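Chemist: Just the structure for this:
(one chain, ligands or ions: 1)
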Amino acid sequence: MTLLEKVSKILGVSDCDNRVEMLPASAITLEATKVYLQVPFLDPHWNEQLVLKTQSKIAALGLSLTIETDIPAFQTQKSTASVPGVKNIIAISSGKGGVGKSTVTVNLALALVKLGAKVGILDADIYGPSMPIMLGQAEARPGSHDGKTMEPITAHGVVANSIGFLVPKDDATVWRGPMASKALSQIIRETQWGQLDYLIVDMPPGTGDIQLTMSQQVPLTAAVVVTTPQNIALADASKGISMFEKVSIPVLGVIENMSSHVCNQCGHEEAIFSSGGGQTLASERTLPCLAQLPLHIQYRQDTDNGLPTVSAEPESVLSQHYLSLASRLTVEMAKTLHAQPQVIAVKQL
Ligand SMILES: Nc1ncnc2c1ncn2[C@@H]1O[C@H](COP(=O)(O)OP(=O)(O)OP(=O)(O)O)[C@@H](O)[C@H]1O
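Modeler: The predicted structure is shown next:
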């Protein structure tokens, strides 16, 4: 058995989540006394555990292990042209309005940044763009260096563009489908996003023609559906999942928001919007429930103040929910999607 085979066996046996198994052989490399494992997800906890579980066996071979993350561009189902520099575009969608889609978008994006990713937010919610306020940038306007493309706004480590930065509020809400989807595709293509691992898109709520066309106009890598646990929201969330299935966009899972409320005063836990509904919906549609996020006044206060919880209090339990969600999302992508083949530049001799 070669040294590389021995290392690969040690890593495989020690990984109870079978993630090493799904990696190509080229993910493990040896350089002098160092072993490098390149993973396509952001999960510091898993990295730590694997190093801990394997270090004595790897040290016995005279080696030490370093785990590095390289987020690939995953394949999209569509023939729509990709957005230069943007590896993956993820739609955050909800069947029903007001379930917390924008709150989830902004905190999830910031959590991905905390895990080390380069992240952008596209606020495509024409009916009620929330990003300008949630990012504390209500008065900001994207600039332009060339008069043709826009420079996104930068806030809390993410770059962002929003219909709300560009159009007076009442104008966009009366747009019909073709105008709305044209605007979305224009913003996405005319913004200088730079190099991004993930562009998170806050979609308008609902599952009508506008959302359907928007989903088809953008080279979406995958979608996530946000719901509250009560029946009325679940029925709409289920329609949302079907909408993405119809246009062959993989749904990575369901996020149950406002799952339960813990009283600040007495600690009593109450399921204001019922409980477990997102989990049930996810298993009915054979999808993972990516997170069950509590209903907590701080989430609301922080986004109203333009400093989302993950930035305001990164060490808090409320932020931990989002860091786990962000991690889980990247792992689901790595498990269920296929990385795009690397384009090898051929030099002319
Ligand atoms: N987990 C939560 N705990 C407490 N408040 C929350 C939570 N999630 C969202 N909210 C609050 O609920 C309200 C609606 O949230 P948000 O704007 O994110 O929903 P939305 O689904 O994007 O709405 P719309 O579809 O109208 O754009 C906001 O005031 C937000 O601060």
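
Chemist: The ligand contacts on the stretch 201-349 of the chain?
Modeler: 205, 257, 258, 293, 295, 296, 299, 300, 303 (Cβ under 6 Å from any ligand atom). (Each C-beta comes from the backbone N, C-alpha and C, glycine too.)

Chemist: just the stretch 51-200 of the chain next, same as before
Modeler: Near the ligand, when you scan the stretch 51-200 of the chain using Cβ under 6 Å from any ligand atom, you find 94, 97, 98, 99, 100, 101, 102, 103, 125, 128, 130.

Chemist: Can you select the buried ones among those for me in PyMOL?
Modeler: Only the buried entries of those go into this PyMOL selection, using 16 or more other Cβ atoms under 10 Å:
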select buried, resi 94+99+100+101+102+103+125+128+130
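
Chemist: Now that we have the residues of the stretch 51-200 of the chain next to the ligand, can you turn them into TSV and tack on secondary structure and pLDDT?
Modeler: Below are these laid out as TSV (DSSP: H, G, I helix; E, B strand; the rest coil; pLDDT from 0 to 100):
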residue	secondary structure	pLDDT
94	coil	93
97	coil	89
98	coil	90
99	coil	94
100	coil	96
101	helix	96
102	helix	97
103	helix	98
125	coil	85
128	coil	83
130	coil	93
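
Chemist: Columns distance to residue 319 on top of the residues of the stretch 51-200 of the chain next to the ligand, output as TSV?
Modeler: Below are those laid out as TSV (distance: Cβ to Cβ, whole Å):
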residue	distance to residue 319
94	22
97	25
98	23
99	20
100	15
101	19
102	17
103	13
125	23
128	25
130	19
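
Chemist: follow-up on the earlier one: need the max-distance pair from the residues of the stretch 201-349 of the chain next to the ligand.
Modeler: Across those, the longest distance by Cβ to Cβ is 21.5 Å; it joins 205 and 296.

Chemist: Neighbour count: these two, which is higher?
Modeler: More neighbours surround residue 205 than the other of residue 205 and residue 296, with 22 against 19 (other Cβ atoms under 10 Å).

Chemist: For that one, list the residues it contacts.
Modeler: 93, 94, 95, 96, 97, 98, 99, 101, 125, 127 (Cβ atoms under 8 Å, 6 or more residues apart in numbering).

Chemist: got a markdown table for those, with distance to residue 270 too?
Modeler: Formatted as a markdown table, the contacts of residue 205 follow (distance: Cβ to Cβ, whole Å):
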| residue | distance to residue 270 |
| --- | --- |
| 93 | 28 |
| 94 | 23 |
| 95 | 24 |
| 96 | 21 |
| 97 | 23 |
| 98 | 19 |
| 99 | 18 |
| 101 | 23 |
| 125 | 29 |
| 127 | 30 |
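
Chemist: Tell me the one among the residues you listed nearest to residue 310.
Modeler: residue 101 (15.9 Å).

Chemist: Now the closest one: closest residue in space, sequence neighbours ignored.
Modeler: In this structure, residue 101 finds its nearest non-sequential neighbour in residue 94, 4.4 Å apart by Cβ to Cβ, 6 or more residues apart in numbering.

Chemist: next one: residue 53
Modeler: Sequence neighbours aside, residue 14 is the residue nearest to residue 53 in space, at 4.2 Å (criterion: Cβ to Cβ, 6+ apart).
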